[in-house]
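Trainee: Structure for the following, please:
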Amino acid sequence: MARYRIQFGKGVEVPDPVANSKLVDTLTVEMQHKDWYLVNSKINEVELRKLIIEEYNLPMKDVVVVSTYLSFRTG
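Mentor: I've put the predicted structure just below:
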């Protein structure tokens, strides 16, 4: 599973992913804020964003999904 932050646009009613059976099958919510979630997901950020947009009929501009994985390379 990978960790992502799901950010919603200003003025968007933030949906409850736990109430959606398709999302419950693919992610677990670790933290919730008024306009974003921190989740672990079985699918990548592109597919996760697409699923959220389709399930909640949101415009693309109002949903941003970013990985929280940081990689540091030395040498």
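Trainee: what's the longest helix along the chain packed up against?
Mentor: Ranked by residue count, the top helix of the chain under DSSP state H comes out as helix 45-56. Applying 3 or more C-beta pairs under 8 Å, 6 or more residues apart in numbering; DSSP states H and E, we find helix 45-56 packed against strand 2-8, helix 21-24, strand 63-67. From N, CA and C alone the C-beta is placed, and that goes for glycine too.
Trainee: Figure out how far that helix is from the centre of its chain.
Mentor: 8 Å (C-alpha atoms, centre = their mean, to the nearest Å).
Trainee: swap in stretch 16-32?
Mentor: Taking the mean of its C-alpha atoms, stretch 16-32 sits 9 Å from the chain's own mean (C-alpha atoms, centre = their mean).
Trainee: Below-threshold pLDDT in the protein: ranges please.
Mentor: 70-75 (pLDDT under 70).
Trainee: so what's Ile43 up against?
Mentor: 26-27, 51 (C-beta atoms under 8 Å, 6 or more residues apart in numbering).
Trainee: Relative to Leu23, how far out is it?
Mentor: From Ile43 over to Leu23 the distance is 10 Å, taken as C-beta to C-beta, to the nearest Å.
Trainee: any residues in contact with both of the two?
Mentor: Leu51.
Trainee: before we move on, the earlier item: determine the angle, from 0 to 180 degrees, between the longest helix of the chain and strand 63-67.
Mentor: 150 degrees (axes from the mean of the first three to the mean of the last three C-alpha atoms, to 10 degrees).
Trainee: And the contacts of helix 45-56?
Mentor: Residues outside helix 45-56 that contact it (C-beta under 8 Å, 6+ apart): 2, 4, 6, 15, 17, 20, 22-23, 26-27, 41, 43, 58-60, 63-67.
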